[in-house]
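Chemist: Let's see this in three dimensions:
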Amino acid sequence: MDEMDREIVLWLQEDGRMPYTRIAAELGVSEGTIRQRVKRMVDEGTLQIVAVVEPHYLGWGAVSLIGVTVQAGRVDGVAQEITALPEVNYLFMASGEFDLFVEAYCRDQEHFVEFLSQKLQQIPGVTHTKTFMIMRTYKPTHRWGKVEPPAPA
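Modeler: A predicted model of the protein is given here:
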């Protein structure tokens with residue numbers, strides 16, 4: 001990803017539907033250059049353009065962040081199983097008290113209890129969970145700010 005790609009991503013983070021002609025004008029290149037670069041980044045899996053919606057507006061009444069502790073040596077396998085659960089929106093590995101964090105969307109509290117006790121906690125290797133219910137989202141975005149290049153080695 002070069003500087004031009006980073007600038008394109010920055011513009012698309014503002015508005016994923018921004019016309020390529022506008023981005024091209026801002027960056028001083030042709031619309032075809034922008035279109036080609038966006039297509040390449042999407043094809044490579046570097047860039048994904050999606051809609052971000054506050055889950056409560058979609059009827060998800062029980063949205064949670066769950067810290068998961070996993071048996072040593074089993075994190076990758078457990079993570080693969082968790083990603084297959086339809087309630088899981090986001091999953092990441094972390095350092096600290098928990099090995100994984102799961103963002104889960106459930107219809108209501110009853111659905112959440114079923115998800116937690118009958119699905120997540122039943123995955124072999126999961127030893128402990130701690131739930132944080134998301135009461136209100138103040139910044140529903142996946143914008144990461146200016147995409148900076150890595151520091152020179």
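
Chemist: element containing F112?
Modeler: helix 109-114 (DSSP states H and E).

Chemist: how much distance is there from that helix to the middle of the chain?
Modeler: Averaged C-alpha coordinates place helix 109-114 at 23 Å from its chain's average position (CA atoms, centre = their mean, to the nearest Å).

Chemist: what's downstream of that helix, the next helix or strand?
Modeler: Past helix 109-114, the next helix or strand by DSSP H and E is strand 126-133.

Chemist: Can you give the contact residues for that next one?
Modeler: 62-71, 78, 98, 116, 120-121 (CB atoms under 8 Å, 6 or more residues apart in numbering). Just so you know, the C-beta spots here come from the backbone N, C-alpha and C atoms, and that holds for glycine as well.

Chemist: 10 Å instead, please
Modeler: 62-72, 74, 78, 81-82, 97-104, 109, 112, 116-117, 120-121 (CB atoms under 10 Å, 6 or more residues apart in numbering).

Chemist: Show me those residues that map onto helices.
Modeler: V78, E81, I82, Q109, F112 (DSSP state H).

Chemist: pull the CA atoms of the lengthiest helix in the chain into PDB?
Modeler: Longest helix of the chain, by residue count under DSSP H: helix 31-44. What follows is helix 31-44 as a C-alpha-only set of coordinates in PDB (Å, rounded to 0.1, in the frame of the first residue of the first chain):
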ATOM      1  CA  GLU A  31     -10.800   8.700 -12.300                       C
ATOM      2  CA  GLY A  32      -9.500   5.500 -13.900                       C
ATOM      3  CA  THR A  33      -6.500   5.500 -11.600                       C
ATOM      4  CA  ILE A  34      -8.700   5.700  -8.500                       C
ATOM      5  CA  ARG A  35     -11.100   3.000  -9.900                       C
ATOM      6  CA  GLN A  36      -8.100   0.700 -10.700                       C
ATOM      7  CA  ARG A  37      -6.500   1.200  -7.300                       C
ATOM      8  CA  VAL A  38      -9.800   0.600  -5.400                       C
ATOM      9  CA  LYS A  39     -10.500  -2.500  -7.400                       C
ATOM     10  CA  ARG A  40      -7.000  -3.800  -6.700                       C
ATOM     11  CA  MET A  41      -7.300  -3.200  -2.900                       C
ATOM     12  CA  VAL A  42     -10.700  -4.800  -2.800                       C
ATOM     13  CA  ASP A  43      -9.500  -7.800  -4.800                       C
ATOM     14  CA  GLU A  44      -6.400  -8.200  -2.500                       C
END
